[in-house]
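J.: structure, please.
(chains A and B)
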Amino acid sequence: MVTYNAVDWARQALQALSEHTESSYELIVVDNASSDGTAEMLAAELEQATVVLNERNRGFGAANNQGAARAVGRYLLFLNDDALVRPGWLPPLLERIESNGHIGAVGPRLLNLDGSLQISGALLARSGSTLELGYGEDAEAPGYRFPRVVDYLSGACLLVRRSAFDEVGGFDPVYELAYFEDADLCLSLADRGYRTLYEPRSSVTHVRGASPKGDLGSTLAPRNRSVFRRRWSDVLASRPPSPLAGHGRRILAARDAPVLARVLVVGVWTEPLIDVALATRVTLIRAPDTGSEAERLLRAGVEVVDGVEDWRAWFEQRRFHYDAVVGHLDAEFDQLVRQTQPQAVHVPPEQADELRLVFGG
Amino acid sequence: MTRSAGAITAATVAAGVPLRSELVPSVALLGLFDVADYDALLTARIVERELSRRLPLARVDRYAPLGGKRPLALDGGRPALTLGPPERARKAELRTRHDLVVYLGNVLHDRDGLYADLYGVSDVEAERLRPSGFFVDGLGAEPGDRCRVAWYGVGVPFDLDAAAAERVRTGLASACRVSVRDEDSQRRLLAALGSEVTVTPHPAVLAARLFPADVLRKRRDYLSTMGWYPTESAPVLVEGGGERAGAAAEVARTAMELGAPVAVVGLDASSGQDELADAITPLLPGPPFRLPAELTLEDMTAAIAHARAFVGASAAADAVSRAFGVPSKAATADVVELQERAGSELDAVAALAEDAWAARAAADGRNVSALLRALDHAEERYRALLRAYEQRGERLVVDRLRYAEIVEGLETAADGLPAEFVARQSELENQLEVASAAEAEARLELERARAARPG
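T.: Residues are numbered from 1 along each chain as shown, chains lettered A, B, ... in the order given. Sure, this is the predicted structure:
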């Protein structure tokens, strides 16, 4: 945890960490020269923690690198000083990262103080600008409750495989005090074959802005975006153009850009696809039973869509989106699929197992 | 080649292909990988990588006396397996589990009492652990063993008395290959064995294969950001502790001749680099940069790789400096020749594992060897197909995105705006965003340049 002039929130964040973490962990706090009594609070209130006091603000990335250099664990959890972990937050993240050696980072659903969604994975546009998917929306909406591969996650709470972190060289100090170092880390991981996953079974409240940044946002954020865009221009070329906000189709395109295979399942769920739900985008629509079965599928990484009133608009928003459509289609859906997904192959449910093989499950 | 950030790569999926662990070649590395020592940990990392390059299917495990009980920040949370005391059953287990066991590091001596200090344990505990029971006595041998044993580039740090020499003779009798790291070790072993062993270059001359340039650049920038390493010009990097304070005058003279700043680093927990830095300080126009103890292997390597010159006694650090073309006092031999010799020795070590594994596979009634070859072939084809699939997928994603933009443009055109106009507008909006970010970057640079203007 890097702290900077947010003593009250840091105290609450540490308290929440202590209350809601059952796994064994070592706690390393790096204070970036706070002037509000944070260092004194850490000295007085923390036991069995490593506290590093910097003489001046070294920035978010460098301070996190400092902490990482002192850690002996297999995984590193970067936590902001204004991020309040909630009950049961850590096991889903650990379970996810331990499930596959090629998962480099995992992050939770970040919530605002009022309980609304703050971010369910960040989206990248071609210009290097970003969008927080789902900001201000209902955090329980099914659209934000399935784990998925993302371009990047906020560094406010990010679990990273230590060996992968070292392999990419950690946070790049080129981003100086703040902004875009988390995005750069996740793309660096992806560049070496590690995926970054959003895991909504884990929730953390993120106050955001607790640490004063002055006019950093207006100067450093665009400057760092320029550095980031130049560095990752070949990746960004496959992301949709700006602006993303207000453009549903672009948002979907950006959300699913990190996965190369997309399958639309209509009507009846076909179980073999469960194996490829995380590696691809599998969307289930018009499922007759959406109770506990929907929960199971969401948990496995299937996007379960329910309650759509205007299917035409829904399909038009996903124009050219899917590689394959699985299911027996009625006349209305057959027409919609033909009009909006002419590139997709139509696969009968009984042959869905072949998709699992094709998509590497 | 286009990077597929976040995309599912061939390696990702290939990792899901089940490889039955008992079928693949299995190698154990034994050494002091539970001590915060740059040499030992870097050696393990490089040998692991080089053996894995030569035996792509192989599994390589590390063992150290305390192993998992002593995870190290220096090595990034990669705890070795615990070796424990040198019991007969443990040795038999290692021989059974692995096709090849390789000893690494400065471990060929019988002074077990030294491990008490090294591990911070009591003399009684050090005696119970008795690491020389592995490092000197080896694993022993039983009829029918297929496991091969090698001492690779080891150090013999002390002269061996008669008892120690006898132990070394007995232990190394079962070795398939022995090489040492320096002439002193060679001389000591010659005295004990009566025959000469090869001196092999330190494997750290291959360090550039382990650490990509972009990673070392990031770590160098991190060290500079923290104020531990100079930003403007590459330093003369000095390694060591108080015992090297006598070299302070020479270091200072070298630095002043080169017009370079000085940075001081310690490469193991007991370096005491501050003592060395204190000795150098009065001899320099300004204070030297001091690298802290809390560094990773990547940090230390980055500091060496970006130095103007390197001065130090560490064999590993010296080899790293050669690998990155950084002048050092000891550098005499041609680095390419050193790398070739190091590579040849590693080829020979890898061949031992391959031979042992092949013998094991041939003796397996299930015709494991043929099965693995077939699996290897299938995997190769699978990876090739996946690569093709990914490239196609990336192109499709981009193309579809473009088509969707065009269709959207046409739909907007139906609302009265020409499609070309809509497309151009979108393109210009993107350009504007890119330009505004570039402007912010340029303004910040300009402000900083003005602030740093002389006078």
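J.: number of residues surrounding B:A378?
T.: B:A378: 11 surrounding residues under other CB atoms under 10 Å in any protein chain shown. Backbone N, C-alpha and C define where each C-beta goes, glycine included.
J.: anything in the host helix or strand of it near chain A?
T.: Using DSSP states H and E, B:A378 sits in helix B:368-414. Yes. On the criterion CB under 8 Å from any CB of the partner chain, helix B:368-414 is in touch with chain A at B:386, B:389-390, B:393-394, B:396-398, B:400-401, B:403-405, B:407-408.
J.: quick one: mean pLDDT for the strand or helix carrying A:L94?
T.: Here A:L94 sits within helix A:90-98, counting by DSSP H and E. In this model, helix A:90-98 has a mean pLDDT of 96.
J.: with stretch A:285-305 instead?
T.: For stretch A:285-305, mean pLDDT is 86.
J.: what's the span of that stretch, first residue to last?
T.: Its start and end residues considered, stretch A:285-305 measures 5 Å (CA to CA, to the nearest Å).
J.: and if you look at stretch B:110-119?
T.: One end of stretch B:110-119 to the other measures 16 Å (CA to CA).
J.: residues in contact with that stretch?
T.: With CB atoms under 8 Å, 6 or more residues apart in numbering or on different chains as the test, stretch B:110-119 has contacts from B:32, B:34-35, B:65-66, B:70, B:121-123, B:125-127, B:129-132, B:136, B:158, B:160, B:163-164, B:167.
J.: what segments of the stretch 51-200 of chain A are strands?
T.: Ranges of strands within the stretch 51-200 of chain A are A:75-79, A:83-85, A:103-111, A:117-119, A:122-124, A:130-132, A:148-149, A:157-161, A:195-206, based on DSSP state E, counting those that start in this stretch.
J.: up against chain B, what does the stretch 201-350 of chain A have?
T.: A:219-220, A:222-223, A:225-227, A:229, A:232, A:234-235, A:237-238, A:240-243, A:249, A:253, A:257-261, A:279-280, A:319-321, A:323, A:343.
J.: could you list the low-pLDDT ranges of chain A?
T.: The model of chain A has pLDDT under 70 over residues A:211-215, A:217, A:289-290, A:360-361.
J.: find the centremost residue of it, please.
T.: A:G121 (3.2 Å; CA atoms, centre = their mean).
J.: just to check, that residue is in contact with A:Y198?
T.: Yes. Between A:G121 and A:Y198 there is a contact under CB atoms under 8 Å: 4.1 Å.
J.: so what sits against both of these two?
T.: Joint contacts of A:G121 and A:Y198 (CB under 8 Å, 6+ apart) are A:G107, A:R148, A:V150, A:L153.
J.: mind putting those in a markdown table, neighbour count included?
T.: Shown next, in a markdown table, are these (neighbours: other CB atoms under 10 Å in any protein chain shown):
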| residue | neighbour count |
| --- | --- |
| A:G107 | 32 |
| A:R148 | 25 |
| A:V150 | 28 |
| A:L153 | 27 |
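J.: closest one of these to A:A10?
T.: Nearest to A:A10 out of the shared contacts of A:G121 and A:Y198 is A:G107 (CB to CB; 20.0 Å).
J.: residue contacts, the closest one?
T.: A:G107 makes contact with A:L93, A:G121, A:L153, A:S154, A:C157, A:L158, A:L159, A:T196, A:L197, A:Y198, A:E199, according to CB under 8 Å, 6+ apart.
J.: now with 6 Å, please.
T.: Residues in contact with A:G107 (CB atoms under 6 Å, 6 or more residues apart in numbering or on different chains) are A:L153, A:C157, A:L158.
J.: for it, which non-adjacent residue is spatially closest?
T.: A:L153 (3.4 Å; CB to CB, 6 or more residues apart in numbering or on different chains).
J.: can you pull out the low-pLDDT segments for chain B?
T.: Scanning chain B for pLDDT under 70 picks out B:1-22, B:143, B:242, B:269-272, B:330-332, B:364-370, B:412-415, B:455.
J.: among the residues of the stretch 201-350 of chain A next to chain B, name the buried ones.
T.: Taking 16 or more other CB atoms under 10 Å in any protein chain shown as the criterion, what is buried in these is A:219-220, A:222-223, A:225-227, A:229, A:232, A:235, A:238, A:240-243, A:249, A:253, A:257-261, A:279-280, A:319-321, A:323.
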